[in-house]
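Student: Provide a 3D model corresponding to the input given below.
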Amino acid sequence: MLGNAHYYHQLTRKAVVLFGRLFDDISIIRKNDQTGKEVSRFLVPIIYSPKEKMVTRIFSDPDLTRQLQAILPRMSFEITGITYDASRKQNNLLKAAKPITGGTTASSAYMGAPYDLNFQLNVYARNIDDGTHIVEQILPFFNPDFTVSATMVPDLGFAKDIPVILNNVTNNIEYEGNYDSVRYVYWTLNFTMKLHYYGPITTPKIIRTVYANIHNNNNLGPAYITRMHLANTNGTFKLEDVVFQGKSLKSANAQGIVIHYSPDNDVITLGATQGTFVVNNYIHAASTNGVAQIESLLAETAKVVEIKIDPDPITAQPGDDYGYTIKITEWPESEA
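Tutor: Residues are numbered from 1 along each chain as shown. Next comes the predicted model:
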């Protein structure tokens, strides 16, 4: 129904890996109580798992042989929701592109749709000090966000800054017996990752030259340029002379400036036309004795201006810094 071929950028999977990597180097240091010297150091394990499943896993010990000290501390995280973020919406027509080897085509896709991925990070520890030991290695980096740069869609060839925002932190202590001893401590940190989801990638040709043409169309009404076939011509018409229709220039109901005249086929072209020239009426030249009858109006469309735009340098690729070279050609050279 969406009308696109299959595509899968694995963006959610990449976001999960990216989030987990943020916390995979947190460590715990054990020190001698007497000397204060470091005795041991170890990384805190982290896995993708819901909190309830993780708690069950930690405390499921049918043989009653495992010790919590041997499996804690550790961390788990999970995605808790995905919501659309309208505040980051961009123009629907914007595209990202990366040139393909050879320079004639590019990988292209519309700019991604902005979504917020909500993550929950859970920290489990045997005692309060281990819990704060871990949390204090996280909090200083989120003020309230930490931005990472990642190439989420390699075919598009650019790295995207992805903010990860720490929304809130809560902690809880589970006791054993009559609150005499701590069973375990867990902290919950809720994050929001600002992500973009991209659609299918196409491979259009790279546009090297753009032409913008301005046409004169008499069928749409009085035009800037009027071309006429004359009859009963007496005298001459010279370039840049004013030609008018009527008894005098002052009372003329139509006028224009001669920009081309061909005596061989008796065709005259007037620019800066004002008013409407009518077949069978006579036109007069203001500075010469030229006079002629309008036999017909040539209604074909004329290219008045041709604008050619090239990148500078011409070898520029999508994503490069480049300028433009603009060439403007006016009638009659525009129809050459």
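Student: could you point out which element follows the lowest-mean-pLDDT helix or strand in the chain?
Tutor: Within the chain, no helix or strand scores below helix 68-71, which has a mean of 56 by mean pLDDT, DSSP states H and E. Using DSSP states H and E, the helix or strand that follows helix 68-71 in sequence is strand 74-84.
Student: buried residues in that following strand?
Tutor: By 16 or more other CB atoms under 10 Å, the buried positions in strand 74-84 come out as R74, M75, S76, F77, E78, I79. Quick note: C-beta positions are derived from backbone N, CA and C, even for glycine.
Student: do I have it right that the fifth one meets I47?
Tutor: What it means is E78. No. Judged on CB atoms under 8 Å, E78 makes no contact with I47 at a distance of 9.9 Å.
Student: mind showing which ranges of the stretch 101-250 of the chain have poor pLDDT?
Tutor: 176-182, 216-223 (pLDDT under 70).
Student: export the buried residues of strand 74-84 to TSV and tack on distance to R208?
Tutor: As requested, the buried residues of strand 74-84 are exported to TSV (distance: CB to CB, whole Å):
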residue	distance to R208
R74	57
M75	53
S76	53
F77	48
E78	49
I79	44
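Student: can you name the residues in contact with stretch 90-104?
Tutor: 105-111, 114, 155-158, 198, 203, 205-206, 315, 317-319 (CB atoms under 8 Å, 6 or more residues apart in numbering).
Student: do that again at 10 Å, thanks
Tutor: With CB atoms under 10 Å, 6 or more residues apart in numbering as the test, stretch 90-104 has contacts from 105-114, 153-158, 160, 196, 198, 201-206, 208, 315-320.
Student: straight-line length of that stretch, end to end?
Tutor: Separation of the first and last residues of stretch 90-104 by CA to CA, to the nearest Å is 27 Å.
Student: kindly report the same for stretch 39-48.
Tutor: 30 Å.
Student: and if you look at stretch 90-99?
Tutor: Distance across stretch 90-99, first residue to last, is 22 Å (CA to CA).
Student: can you check stretch 36-56 too?
Tutor: 35 Å.
Student: now do the buried residues in that stretch.
Tutor: Buried residues in stretch 36-56, defined by neighbour count with 16+ other CB under 10 Å: V44, I46, S49, K51, M54, V55.
Student: in helices, which of those residues appear?
Tutor: Those of those mapping onto helices are K51, M54, V55, per DSSP state H.
Student: how far away is the spatially closest residue to the second one that is not a sequence neighbour from E52?
Tutor: It refers to M54. Leaving aside its chain neighbours, M54 sits nearest to S76 (4.3 Å; criterion: CB to CB, 6 or more residues apart in numbering). To E52, S76 is 10 Å away according to CB to CB, to the nearest Å.
Student: any common contacting residues for these two?
Tutor: Counting by CB under 10 Å, 6+ apart, the residues touching both S76 and E52 are N122.
Student: beta partners of T325?
Tutor: Beta-bridge partners of T325, counted by DSSP bridges, are D310.
Student: so it is in contact with I309, correct?
Tutor: Yes. Using CB atoms under 10 Å, T325 is in contact with I309, at 7.3 Å.
Student: what about the two, which has more around it?
Tutor: I309 (16 against 12; other CB atoms under 10 Å).
Student: what's the distance between the closest residue to the more buried one other than its chain neighbours and K308?
Tutor: What sits nearest to I309 in space, not counting adjacent residues and going by CB to CB, 6+ apart, is V210, at 4.4 Å. V210 sits 8 Å away from K308 when distances are taken as CB to CB.
Student: surely D241 touches I283?
Tutor: No. The criterion here is CB under 10 Å, and D241 misses it with I283 at 11.1 Å.
Student: neighbour count for those two, which is higher?
Tutor: Between D241 and I283, counting by other CB under 10 Å, I283 is the more crowded of the two (24 against 17).
Student: brilliant, that's me finished.
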